[in-house]
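# mind looking at a prediction? Sequence and model below.
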Amino acid sequence: MALRLRKLSYALGAEVCDIDLTQPLSEDCVGDIRRAFLEHNGLLLFRNQRIGPAQHIAFSRRFGELDRHESVPRDRHPEHAEILVVTNEPDADGEPSNSRYTGQLWHSDLGFTLRPALGSLLRAVAVPPVGGDTLFANMYAAYDALSAGMQSLISGLCGIHTQQRRHVSADWQAESSRLNPPVAHPLVRIHPETGRKALYVGEPVKRIEGLSDAESAPILEVLMAAAIRPQGGYRHQWQVNDLVFWDNRCTNHQALGDYDSAERRRMERTTLVGEPSGHLASGA
Ligand code: SIN
C-alpha cells in the first residue's frame, strides 16, 4: 500500500500518516519511506509512535548502520550505545545534564567528526507544554540561493568544524576536545543519493581552511544568511511520541531552547553513520 504523505512546509518535510512502527514493516514499505525521505528534501515525521528504545533502534537500522556515539560517550543511553539522550533532566548525582543545551545552534549532526551523520531519528519522550521546538533548514535551497559567483568562490573550500556546546562541565569539554580535534569538510557536498549540491556549513564553523579569521568571517556570514532564510525552513513543534527522521547531508537544524527550564524535555536520538568525509584541519 502506498504511503500517505502530508507536506509539512514548502521547503522540506512530510508527515508519514497511517503508519504504526510497532508493527513489522515490509521491505517495500521501507523502500517507500526511503524514497519519500529523498523526495521531501530529507525530513519525515512519524507521529504518535508508542515505541521504546529497542524499537527505535530496530526501525533506524532499516536505513543503515548506527553510530555508537563514541564521539560523545557521556550522552549515551546507559543501556543502548546507539541512543543519544538530549535532556534537561538532572543526572543521577543531581548535577545538571550536560546535554540540556545540545543542538542549540545551527548544525548538522556529527559534523565535528570525519564520519558526519547520514541521518538522525529523534524521538520525543517528554516535551514541555509549550516550546522546545526544533528548526530545520533545507541546505540544497541554501546552496541554490547563492549567486553563481559565490558558488564558484566556495567550490573547493573547506570549513573547519569543532564540537561546541554551551554550559558543559570542564571535564566534559576537555574530553570532547581530546576525542574530537577540529576537522575540515567541503563547504559544498554532493548528496550521494540525489546528486544535488548542498551547502555544508553551520554555526560551529568559524573559519575556512587556508583563510584567516578576518577573511573567513564575511564569507561565512553570507553562507549562514543563505542557510537560515525562513522560506528555506520548517519549524517542528514536538508532541510526545513524535519521531522525526532527517538527512544531515542536505539539512541543518537547531533546537531553540524556547521553553521553561522547569519543564521536562527528553529526546532520544539514533544516528545513521555517514560516508567518510573531510580531513583533520590544518593550522587550526
Ligand atoms: C539534536 O541536535 O540532535 C537535538 C535537537 C533537539 O533536541 O531538538
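Here it is on my side, so go on.

# quick one: stretch 127-141 near the ligand?
Yes. Using CB under 6 Å from any ligand atom, we find that stretch 127-141 touches the ligand at Thr134. All C-beta spots, glycine's among them, are computed from the backbone N, C-alpha and C.

# gap between the two ends of that stretch?
End-to-end distance of stretch 127-141: 30 Å, with CA to CA, to the nearest Å as the criterion.

# select the longest helix from this protein.
When the chain is parsed with DSSP state H, its longest helix is helix 213-227.

# please save the CA atoms from the next helix or strand after it in PDB.
Going down the chain from helix 213-227, the next helix or strand is strand 233-236, by DSSP states H and E. C-alpha atoms of strand 233-236 as PDB (Å, rounded to 0.1, in the frame of the first residue of the first chain):
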ATOM      1  CA  GLY A 233      12.900  26.200   6.700                       C
ATOM      2  CA  TYR A 234      10.400  24.200   8.800                       C
ATOM      3  CA  ARG A 235       9.700  24.600  12.500                       C
ATOM      4  CA  HIS A 236       8.700  21.400  14.300                       C
END
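
# picking up where we left off before, which of the residues in the longest helix of the chain are buried?
Neighbour counts using 16 or more other CB atoms under 10 Å place Ser216, Ile219, Leu220, Leu223, Met224, Ala226, Ala227 of helix 213-227 among the buried residues.

# can you list the helices and strands that it packs against?
helix 139-144, helix 148-154, strand 197-199, strand 205-208 (3 or more CB pairs under 8 Å, 6 or more residues apart in numbering; DSSP states H and E).

# which residue, other than its chain neighbours, is closest to whichever residue of the chain sits closest to the ligand?
Going by CB to the nearest ligand atom, the ligand is nearest to Gly103 of the chain, at 2.5 Å. Spatial nearest neighbour of Gly103, excluding adjacent residues (CB to CB, 6 or more residues apart in numbering): Ala255 at 3.9 Å.

# other residues contacting stretch 87-97?
Stretch 87-97 has contacts (CB atoms under 8 Å, 6 or more residues apart in numbering) with Asn98, Ser99, Arg100, Ala126, His167, Ser169, Ser261, Arg264, Arg265, Arg266, Met267.

# make sure Trp139 is actually in contact with Thr194.
To be clear, residue 139 is Met; Trp isn't right here. No. In this structure Met139 lies outside contact range of Thr194 using CB atoms under 8 Å: 11.9 Å.

# now the common contact residues for those two.
Common contact partners of Met139 and Thr194 (CB under 8 Å, 6+ apart): Cys250.

# neighbour count winner among the two?
Met139 (31 against 16; other CB atoms under 10 Å).
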